[in-house]
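A.B. asks: Need the 3D shape of this:
(chains A and B)
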Amino acid sequence: MSEDKFRSRLAGQVSFPEDISSRKMVYALQVRAERAPGILKEIILPRLPSHIKFFQAEDIPGKNYLSYPDESVPLLADTEILYPGQPVGVLTGPDADELYSIRKEISLEITPIPGFPPYRMRDSRACPAEKVIQKGSTLRGMEKAETVVEGDFSLILPEMPVYPRQAVYCTKEGGTYVLHLHSQWPSLIRKLCAQAAGISRKQVEIHFNPAGRTWDSHVGQSVPAAALTVCITSILRQPVKLIAERDLPCRKEIFYHYRAGVDQSGRLTALEAQVYLNAGAYGCFSSEVVTRLALGTAGLYQCRHLDIRAKSFRSNYPPWLPLSTWGLAQGEFGAEMLVNHIALETGQDPADWRSRNLTAKGNLNATSGKIRQTPPLSDMITELSEASDYTRKHAVSRQIRTNRNALSITPSSYAGIGMAVSRQGYDFLSRDKLLTAASVSVTLQKEGTLDVLLGTVPATPGIMAIWRKNISASLSIEEEKVNLILDRPDEQSFNGPSCLSRNILVFTKLIDQCCSIIQKKRFREALPITETRTFRRRTANEWNEEEMKGTPFSQSSWGCAVVEVSLFTATREIVIPQIWLTINCGTLLDPPGARSFVESEVRMALTHCLDKQAIKPSLFPKLHIRFEEDGKKSTQPSGLEGLALGTIPAAFTQAVSQASGITLTGLPINSARLLSGGN
Amino acid sequence: MLIEFTLNSENVSVDVPAYFRLSDVLRDEFGLHGLRNACRKGYCGLCSVVLDGKLVYSCLIPVFQIRGREIMTIEGYSKTDDFEDVYKGFKKEGVHLCDYCAPTRTLTTGILLDRYARPDEHQLMEILTTVTCSCTPYETLKKGILSAARFRQRRLQ
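C.D. replies: Okay, the predicted model is just below:
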């Protein structure tokens, strides 16, 4: 990074959409329905001054819906209101305060209608996606079982504050609509904005600030705001700034019910599990999330007889689109809690149980695909157990908990320790092009500069530096001459979202491929030389999503975590002194960046656990992160996302259960919940 | 309500309702966009400014409280020699902050280094705690802060 750029960044001279304004600009404020579900009969407006305008569904110049994978969502509701806070109109005017006061005077006439049935009623009309993994016969498996373990878990994910907020600024320059916003998926924004405003995709130009880590998989978050802003700009032909508002309260909840058969030696003979995911009012992206949820719930352990059913269900809450890691880590929470339950029931050390029951080379995975390489988890568990002294600490805490009543002095705090493992795969399992598309175009210009046209959003400056360095090394071009271009609508094809470590896994590979071909052509063909590479989706033979058969991920990363917890006896205050985390993610391209990424994911996992919006560094546990690399040149990077999120919540719940003596069946946990009995 | 105060060493006045947040007034009335209006609850620390030499979260301060007082934001701080120390320290240790938190992180680091010339582990934690952003690992940030502290000491000697 140049000195000037670095200096201006530190001095706060970088503009964000909320900082931009212009002379003719108008503000836009969404008008939302307060009650739901219902049928919108009428919007009763006060007398509006001439400089204030109100737009509703019928004023949208293009299509009044956003077509996401699986389901479309109306941009502005015209008849059916499905959740409180659903937008029904937009007010525009030169003064933001005036818009707020007019909005208070607007009333809606809504006729109530029945809401969606609760998930327990299993009404198929309220189920946008269902995925089933079946292997063997669970009936036969249960017959072989010595013990049957049964239970329920729930995972309620708290609202994460999203920074930067979703302000959008749009201006029309010639025939082009220039949008300033934050996003993880600019291609989708361009497509849906064009659809809503009835214009061509090439007329939408995006100047985006990288969304950063806190945006975690909020891939569709900025789309409705962007589409509305472009529509209003096209009607008013004036610059428009949509005012960012507080996020609507979603209901991010997942319920698990499981029944597992265990034989005399503690091995799993059969596993039946039902998982229900609250998708909100619209089931967009459900199919991909539910598939990954089912795979996560099936776990990483040997079991011949499986019956896993994962469903999403509709509810009258805002749709919340994909969650972090698109469901795989959340599925693993259920699997790891079950493993702990089995180990406790059969009186075994959970670390030992895991090591003995993990799948290995030659076994079939849950979806009947053959495992070609033994996962490194067993060694990781052994190393981590030694580093954290897990076995001894677990046994001691268990002993103290069992003999609690016999202690003559009540200790000021009880300790607990938990362990969990995780596997993350970063391929999209759906064959929807919208998600999987990725392409890179590299041009070596006559002047010796290299233009790299990317369709992704780099979440950290580190990855841009790595790409520049790699290109410079492979083509012997100075780093300053490498231009990484992130938005050029005329030449750019559609690209999937920047999540699931796709920057590292897909784009790094495509850039390498382009560079090596340019290197071959370089002194043989006339300049400029352009090379384009596109990501190839896997065939249905390798992975069949409809039947849930085959090998779901071409490449996996592995993680194992141990969480130590202290629980104060009087106040039930939870303190996490230490977390150990071992990660195997192939070759590390950017070690400090990887560490930062894991740190931030640990922080996010702890917000899930403790129901807090932020974990301050002073409360942050001592973190022992170890990256395992085999040192082979042939090993590819395999992504980092979700490994902390897949392990820490389950390990934390186990640790708190052990320290409190209460069998906890869900997250989040806080002192008040523990004082009132835990569940 | 007319409020007069000193902003980045200049005497200024503003006529706004007394209950307005200081962060809103600084951004909207004075165009100082280096401070971010992110959580508005005092969690994130991205709206930190210096009020009479002390760091405060401006989203939690009603504007009537600043009458006759002195405020410094990153825009004013970036013209000082102290800013140069933090800049050099972060640059030397490769502290790649994100665009969003960089200005506030720089300001809080510089101001807390006024108080702790050679910060120990506990004091480093206090400096880190002021802003909650996960763009940079704590270890790298700590190195950057210590390096800034050394540049500052060298200049003052």
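
A.B. asks: and the gap between residue B:147 and residue A:9?
C.D. replies: Separation of residue B:147 from residue A:9 (Cβ to Cβ, to the nearest Å): 17 Å. Placement of C-beta: from N, CA and C, glycine included.

A.B. asks: And the host helix or strand of residue A:73, what's buried?
C.D. replies: Per DSSP states H and E, residue A:73 falls inside strand A:72-74. Of the residues in strand A:72-74, A:73-74 count as buried by neighbour count, 16 or more other Cβ atoms under 10 Å in any protein chain shown.

A.B. asks: Toward the C-terminus, what is the element adjacent to it?
C.D. replies: Counting by DSSP H and E, what follows strand A:72-74 is strand A:80-81.

A.B. asks: which neighbours does the helix or strand that comes right after that following strand have in its sheet, and in what orientation?
C.D. replies: Downstream of strand A:80-81, the first helix or strand assigned by DSSP H and E is strand A:87-93. Using DSSP bridges, the strands paired with strand A:87-93 in its sheet are strand A:26-32 (antiparallel), strand A:53-56 (antiparallel).

A.B. asks: quick one: pLDDT of the residue nearest the centre of chain B?
C.D. replies: Nearest to the geometric centre of chain B sits residue B:107, at 3.2 Å (Cα atoms, centre = their mean). Looking at residue B:107, its pLDDT is 94.

A.B. asks: again, but for residue B:132
C.D. replies: Reported pLDDT for residue B:132: 78.

A.B. asks: what does residue A:356 give?
C.D. replies: 91.

A.B. asks: What's the separation between it and residue A:389?
C.D. replies: 20 Å.

A.B. asks: okay, now the domains of chain A?
C.D. replies: A:21-113+A:162-242, A:252-428+A:550-675, A:438-534 (automatic domain parsing).

A.B. asks: ok, now which ones touch residue 64?
C.D. replies: In the absence of a named chain, chain A is used. A:57, A:74-76, A:78, A:196 (Cβ atoms under 8 Å, 6 or more residues apart in numbering or on different chains).

A.B. asks: that's the wrong chain, I meant chain B
C.D. replies: B:1, B:3, B:18-19.

A.B. asks: out of those, which touch chain A?
C.D. replies: The subset of the contacts of residue B:64 within reach of chain A, counting by Cβ under 8 Å from any Cβ of the partner chain, is empty.

A.B. asks: thinking residue A:342 is in contact with residue A:265, fair?
C.D. replies: No. With contacts counted by Cβ atoms under 8 Å, residue A:342 stays clear of residue A:265, the gap being 11.5 Å.

A.B. asks: So between the two, which is more surrounded?
C.D. replies: Ranked by neighbour count (other Cβ atoms under 10 Å in any protein chain shown), residue A:342 and residue A:265 place residue A:342 first, with 23 against 10.

A.B. asks: In a strand, that one, correct?
C.D. replies: No. If the criterion is DSSP: H, G, I helix; E, B strand; the rest coil, then residue A:342 is helix and not within a strand.

A.B. asks: Going by neighbour count, which residues of stretch A:96-108 are buried?
C.D. replies: Those buried within stretch A:96-108 under the rule 16+ other Cβ under 10 Å are A:98-99, A:102-103, A:106, A:108.

A.B. asks: Export only the CA atoms of that stretch, formatted as PDB.
C.D. replies: C-alpha atoms of stretch A:96-108 as PDB (Å, rounded to 0.1, in the frame of the first residue of the first chain):
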ATOM      1  CA  ALA A  96     -33.800  13.600   6.900                       C
ATOM      2  CA  ASP A  97     -35.500  14.900  10.100                       C
ATOM      3  CA  GLU A  98     -38.600  16.000   8.200                       C
ATOM      4  CA  LEU A  99     -38.900  12.500   6.700                       C
ATOM      5  CA  TYR A 100     -38.700  10.900  10.200                       C
ATOM      6  CA  SER A 101     -41.500  13.200  11.500                       C
ATOM      7  CA  ILE A 102     -43.700  12.600   8.400                       C
ATOM      8  CA  ARG A 103     -43.200   8.800   8.700                       C
ATOM      9  CA  LYS A 104     -44.700   9.000  12.200                       C
ATOM     10  CA  GLU A 105     -47.900  10.400  10.800                       C
ATOM     11  CA  ILE A 106     -48.300   7.600   8.200                       C
ATOM     12  CA  SER A 107     -50.700   4.900   9.200                       C
ATOM     13  CA  LEU A 108     -51.400   1.500   7.500                       C
END
